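Undergrad: Could you work out the structure for the sequence below:
(2 chains)
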Amino acid sequence: MCGLCGVLGTEAHWTDAAGPDSRSGAPPGGRTRRQERLHRVGLANKVLKHYGLTLADWEGNCFVLRTRTGRSAIVQHLTALWPVAERMTGRRCDPLDPQLIAAVERE
Amino acid sequence: MAAADLIPVNIVTGFLGSGKTTLLRRLLASPELANTAVLVNELGEVGLDHLLLRHVDESTVVLPSGCVCCALRADLTAAIRDLYSKRERGTIPRFDRLAIETTGLADPAPIIFTLLAEPVLRHHFRVGHVVTTVDAVNGARHLAQHPESVKQVAVADRVVLTKTDLAGPAQAEALRTACRRVNPAAPIFEPAVDPIGPDQLFAGDPADPSGTRQDARRWLGPVAAATPPETGVGQASAHDRDVYAFSVTVDRALDWTAFGIWLTMLLHAHGEDILRVKGLLQVVGVPTPVVIHGVQHLVHPPVHLDGWPTADRGTRLVFIVQKLPRQVIERSLAAFTRLAAVGERVV
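TA: Numbering: from 1, shown residues only, chains lettered A, B, ... in the order given. Now for the predicted structure:
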């Protein structure tokens, strides 16, 4: 746990382990862990903007999800992101939603 | 600790009276399983006489998500922690495998979730193959009338058809067809015809890269030829006609992050209808294939293979779903994976 902010270490998540070395969790494509988190945030935001949300990295430890009105919530990993996004927007986050697919295709 | 160093846990499931205990008793007689601990949910008519046998009473803690597959089995957590503690203290033999025999109506998904998510267990144990027994005499009726039975077959890594010596050839063949339609990726064994050993059922699980490579070759083959439900076998029943398997091929390397965003979102929205997902992925920036395994909302830690199982490269995903439209899943995957726009064409 971080002594300053009190944030607990994040639990391992399956999306963190597809790099060349699955034990260390090194990101694929030679990216650093920091670059990989920014890449993740960038791609996630292309989807989340459909719901009026933005995601940001927070100290390389977790992510902060924000609405346009400034409400925010901390999420640890991608699996935790979607239920929180639904609670904040009241909308269902479904990748099979034709409107979302069309929006993602336009990206 | 590497996944291969964790203690494998094999789930033996199957509908009531389908021969789980008989199968387990035969397997446990083999020297390779001498150091296997066994947890049973119910004490059946066929007694198990094994050194490390424990009985657990089923109790489930449903997590706030309310999803059945993401429920911690408190009974299992306590029982497995207790076994491990005694193993470490030396009060019981140092077992190197754990087998869990479920009740006939059990959903295997919460057991898998417990092993993957429980903070202590996941550091000492890993999920091995799920073995599902199907009774050749009554199996077709079970699949037709009981969604539990369909799900047990769908999540299986190995299917064991029991009592084939008591069923007629047509009855056995119809059941084989039904099982392949629900889960074309799982090899089917028939011990009444051809005796099977622990290796055939338990070896090559997702944490064993060499075995996974061989296993991937096996499950990538038959699924391509799987029968879609609309043109499927006529005997499709109320519960299993909506369950079908299909494979998706992507002819370029996937951006792992874009794929992770898509799959986490898909499993969040439709995990209850995605009974199984397996994938051999070509990932941008990774020279060797990555294998993923998921059961409903749960995804096992990905495994890196040391080489491609076949000459054919590219990403192949196998889904076993109920009621979800294949075309929409394919279109959605294509849209999300193009977000990264860094895909490499496969030569």
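Undergrad: hmm, the helix or strand where residue B:318 lies touching chain A?
TA: Under the assignment given by DSSP states H and E, the secondary-structure element containing residue B:318 is strand B:315-322. No - applying Cβ under 8 Å from any Cβ of the partner chain, one finds that strand B:315-322 is not in contact with chain A, the shortest distance being 11.0 Å. Yep, even glycine has a C-beta here, placed from its N, CA and C like the rest.
Undergrad: what's next to that strand, contact-wise?
TA: Applying Cβ atoms under 8 Å, 6 or more residues apart in numbering or on different chains, the contact partners of strand B:315-322 are B:154, B:182-183, B:185, B:219-220, B:223, B:242-250, B:252-254, B:270, B:273-282, B:326, B:329, B:333.
Undergrad: and those, which are buried?
TA: B:154, B:182-183, B:185, B:219-220, B:223, B:242-248, B:250, B:252-254, B:270, B:274-282, B:326, B:329, B:333 (16 or more other Cβ atoms under 10 Å in any protein chain shown).
Undergrad: Give me the subset of these that also touch chain A.
TA: Of the entries in the buried ones among the contacts of strand B:315-322, the ones placed beside chain A under the rule of Cβ under 8 Å from any Cβ are B:270, B:281, B:329.
Undergrad: Which ones among those map onto helices?
TA: By the criterion of DSSP state H, membership of these in helices covers B:270, B:329.
Undergrad: Turn the ones next to chain A among the buried ones among the contacts of strand B:315-322 into CSV, columns for pLDDT.
TA: As requested, these are arranged in CSV below (pLDDT from 0 to 100):
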residue, pLDDT
B:270, 95
B:281, 92
B:329, 96
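Undergrad: and which of the ones next to chain A among the buried ones among the contacts of strand B:315-322 is nearest residue B:340?
TA: residue B:281 (13.6 Å; Cβ to Cβ).
Undergrad: residue ranges for the strands of the stretch 151-300 of chain B, please.
TA: If you assign secondary structure with DSSP state E, counting those that start in this stretch, the strands in the stretch 151-300 of chain B sit at B:158-162, B:188-189, B:243-250, B:274-281, B:290-295, B:298-299.
Undergrad: same question but for chain A, I mixed them up
TA: Using DSSP state E, the strands assigned to chain A run over residues A:53-58, A:62-67, A:72-75.
Undergrad: got any ranges where the stretch 101-250 of chain B has weak pLDDT?
TA: Using pLDDT under 70 as the threshold, the predicted model of the stretch 101-250 of chain B has low-confidence ranges B:206-215, B:217-241.
Undergrad: hmm, try it at 90
TA: Segments of the stretch 101-250 of chain B classed as low confidence (criterion: pLDDT under 90) are B:101-120, B:122, B:138, B:140-148, B:151, B:164-171, B:180-185, B:191-247, B:249.
Undergrad: center of chain A - which residue?
TA: A centroid search over chain A (Cα atoms, centre = their mean) returns residue A:78, at 4.9 Å, as the residue closest to the centre.
Undergrad: Number of residues surrounding the residue lying closest to residue A:37 once chain neighbours are set aside?
TA: Excluding its sequence neighbours, the residue lying closest to residue A:37 (Cβ to Cβ, 6 or more residues apart in numbering or on different chains) is residue A:57, at 4.8 Å. Look at residue A:57: counted by other Cβ atoms under 10 Å in any protein chain shown, it has 14 neighbours.
Undergrad: residues in contact with residue A:57?
TA: A:37-38, A:41, A:63.
Undergrad: Widest-spaced pair of the residues you listed?
TA: Those two in the contacts of residue A:57 that are separated most widely, counting by Cβ to Cβ, are A:38 and A:63, at 11.2 Å.
Undergrad: Now stretch B:75-93: buried residues?
TA: Of the residues in stretch B:75-93, those scored as buried under the neighbour-count criterion (16+ other Cβ under 10 Å) are B:75-77, B:79-80, B:83-84, B:86-87, B:92.
Undergrad: measure the closest residue to residue B:293 other than its chain neighbours to residue B:105 for me?
TA: Distances taken as Cβ to Cβ, 6+ apart place residue B:300 nearest to residue B:293, at 4.4 Å, with adjacent residues excluded. Residue B:300 sits 24 Å away from residue B:105, taking Cβ to Cβ, to the nearest Å as the criterion.
Undergrad: Compare neighbour counts for these two and give me the winner.
TA: Regarding residue B:300 and residue B:105, a neighbour count based on other Cβ under 10 Å identifies residue B:300 as having more, with 21 against 15.
Undergrad: what about residue B:170, distance to chain A?
TA: When distances are taken as Cβ to the nearest Cβ, to the nearest Å, residue B:170 and chain A turn out to be 39 Å apart.
Undergrad: bridging residues for the residue nearest to residue B:292 when sequence neighbours are not counted?
TA: Closest residue to residue B:292 in three dimensions, ignoring its sequence neighbours and counting by Cβ to Cβ, 6+ apart: residue B:279, at 4.5 Å. Assessed by DSSP bridges, residue B:279 has beta-bridge partners residue B:292, residue B:317.
Undergrad: and residue B:279, what does it touch?
TA: By Cβ under 8 Å, 6+ apart, the contact list for residue B:279 reads B:291-292, B:315-318.
Undergrad: Likewise for residue B:11?
TA: By Cβ under 8 Å, 6+ apart, the contact list for residue B:11 reads B:99-100, B:102, B:108, B:111-112, B:127-128, B:130-131.
Undergrad: ok, what's across the strand from it?
TA: For residue B:11, the beta-bridge partners under DSSP bridges are residue B:100, residue B:130.
Undergrad: Quick one: residues contacting residue 104.
TA: Using chain A here. If you count contacts by Cβ under 8 Å, 6+ apart, residue A:104 has them with A:46-47, A:50, B:332, B:335-336, B:339.
Undergrad: my question was about chain B
TA: Residues in contact with residue B:104, defined by Cβ under 8 Å, 6+ apart, are B:14-18, B:20, B:42, B:148.
Undergrad: Which helix or which strand is home to residue B:334?
TA: Element membership for residue B:334 (DSSP H and E) is helix B:326-337.
Undergrad: Report all helices and strands that that helix contacts.
TA: Contacting helix B:326-337 under the criterion 3 or more Cβ pairs under 8 Å, 6 or more residues apart in numbering or on different chains; DSSP states H and E are the following elements: helix A:98-106, strand B:243-250, helix B:256-270, strand B:315-322.
Undergrad: Distance to residue B:28 for the ones you listed - can I get that in TSV?
TA: Output for those, formatted as TSV (distance: least, Cβ to Cβ, whole Å):
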stretch	distance to residue B:28
helix A:98-106	50
strand B:243-250	32
helix B:256-270	35
strand B:315-322	29
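Undergrad: Out of those, the one nearest residue A:74 is which?
TA: For the helices and strands packed on helix B:326-337, distance to residue A:74 was read as Cβ to Cβ. The smallest value, 16.7 Å, belongs to helix B:256-270.
Undergrad: So what angle separates the directions of the closest one and helix B:326-337?
TA: Helix B:256-270 runs at 140 degrees relative to helix B:326-337, counting by axes from the mean of the first three to the mean of the last three Cα atoms, to 10 degrees.
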